[in-house]
Every structure is written in C-alpha cells, then in structure tokens.
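Chemist: Sharing a model that was predicted from the sequence below.
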Amino acid sequence: MKKKLSFSLVTLIAGFMLAIQFNLVNQPVVSDTRDMWELKNDLLKEQQTQAELIEGISKLEGKIASYETKKNESKEEVLRDTLIELKTDAGLTEIRGNGVVISIQPIKADILLGEKVEYISPVLIIRLINEMYRYGADEISISGQRYISTSVIRDINGQPKMDGYPLVHYPVEVQAITVNPKKLKQRIEGSELMDDFFIDNFEVQIKVPSGELTLPAYQNAINVEHMEPIMDGGES
C-alpha cells in the first residue's frame, strides 16, 4: 500500500512538473521593448552630437590651415575675414539659400464652430526647432525674426514670445535654410510632432519654394557673459 501511494505521489509530481514545463514552452515570449527604443534614441542623439563635434573639429582645422597660408598677408585682412565668418556663424548677417517654409495656423473648422483660438505652445515651437535642426536645418527664422543659439522662446503674460517678439499673428511662419530641403520636408511631415499640433487645433503646411529664401540678421543685442577682453601682456 505504501509503495502504491509513493508511486502515485511521484507520478503526480512528475505530471505536474511536465505540465508546467509544457505551458512555459508554448507560452509566447513577450518582451518589453520600451527600454530598447529609449536606448536607440539616446544612441542616435549621441551619434548626432559626435557628428557635430567632428564637423566642428574639421572647420577649426580648416581655419588653422587657412591661417598658415595667410602668414604673409596682412593681419588686418585675416582678422576682417575671421570677423565676417564669426558674424555669419552667430546669425548676425543676412543669409540666403534653399530651404523650406512651415506655416502654422489654427484649424479653420474650429474657428467656424466658435471655439476660442489658443496661442501656440512655446514647447511645441521649441520641439519643432529641435526636429528641424535634427533633420538638417542650418539656419532658422520665425515670423521674420532670426533664431540663434541664444534665442529664448517662452510664455510671457500668456503669450508665446521669442526674444521678446510675440508669436501671436497667424500664420506663424518658420523658414529654414538647408542643404536638402526635400529631405527636411519629408522628415517633418512624418514626425509625430505633426499630430501634437493637430491635437492643439493647429494645422501645419510645409512647402519647398522654387527660389532661395532670405533670412534676416539677428537684430537684438547679444549679451556675452563670463568673457573679458585680453590686453597686451596677458592682463585683462
């Protein structure tokens, strides 16, 4: 009797273990890929930063080579060329080139229904600018105002403003100069950001003009902090 009981118990345990193993083998493997996508996104950003650093190093090496070849030229001419180049890089000069024009305005259907038109969120505008730079934009202007590295877009008294200039008149037009306008247009059109504008009751139209765009020079004063001129002899 004891042998039969032991055999039955062993058989029951073995059957239970086999059932569990069979269930695990046939159960589909579901993996959470959210962390993987986040890592891929971070890797893409790091690769972009690396590419920008390499490009910056290449430009600096080119400047050094240019200075070496201009040793026999006048120092004034070299300084003048450098000043023009720095002003161009800082957005202090007018610039022309091929690019795209992005027009943002409230959805007309909402206006007809009598809904109140809200202003564009500064967060959406900043995200749009970041996306444009990410996909190849070189220079950008918003509503006729040049956007540069020190520009600030924020909400002031309930209105979105860039460097103090209100972005409340529609359509808000964003112009960008780029080497490949068609690619930039396609990337922005396929971005999830377009859905976010639509959710906020704004429609976005993107076009590639046949002619060149002209972006104005930055007009506001640039405050440079933590820098002092160095006089002869190394004293500030």
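Modeler: Great, that's in hand. Residues are numbered from 1 along each chain as shown.

Chemist: thought residue 215 was touching residue 137?
Modeler: No - here residue 215 does not reach residue 137: they are 10.9 Å apart, not a contact under C-beta atoms under 8 Å. Where C-beta positions appear, they are placed from N, C-alpha and C, glycine not excepted.

Chemist: pLDDT weak spots in this structure?
Modeler: By pLDDT under 70, the low-scoring segments of the chain are 1-38, 41, 66-76, 78-79, 83, 87, 89-90, 109-117, 222-236.

Chemist: could you point out the longest helix in it?
Modeler: When every helix of the chain is counted residue by residue (DSSP state H), the longest turns out to be helix 34-69.

Chemist: Walking through this structure, point out its helices one by one.
Modeler: Taking DSSP H as the test, the helices found in the chain are 2-26, 34-69, 75-90, 108-112, 122-134, 181-189, 193-199.

Chemist: what is in contact with residue 215 and residue 137 at once?
Modeler: When C-beta atoms under 8 Å, 6 or more residues apart in numbering defines a contact, the residues bordering residue 215 and residue 137 alike are residue 177.

Chemist: before we move on, the earlier item: could you check the angle the longest helix of the chain makes with helix 122-134?
Modeler: Taking axes from the mean of the first three to the mean of the last three C-alpha atoms, to 10 degrees, one finds that helix 34-69 is oriented at 60 degrees with respect to helix 122-134.

Chemist: What number of neighbouring residues does the residue nearest to residue 88 when sequence neighbours are not counted come out with?
Modeler: Using C-beta to C-beta, 6 or more residues apart in numbering and skipping residues adjacent in sequence, the residue nearest residue 88 is residue 95, 7.1 Å away. The local packing count at residue 95 equals 18, with neighbours defined by other C-beta atoms under 10 Å.

Chemist: Thanks again, I'm all set now.
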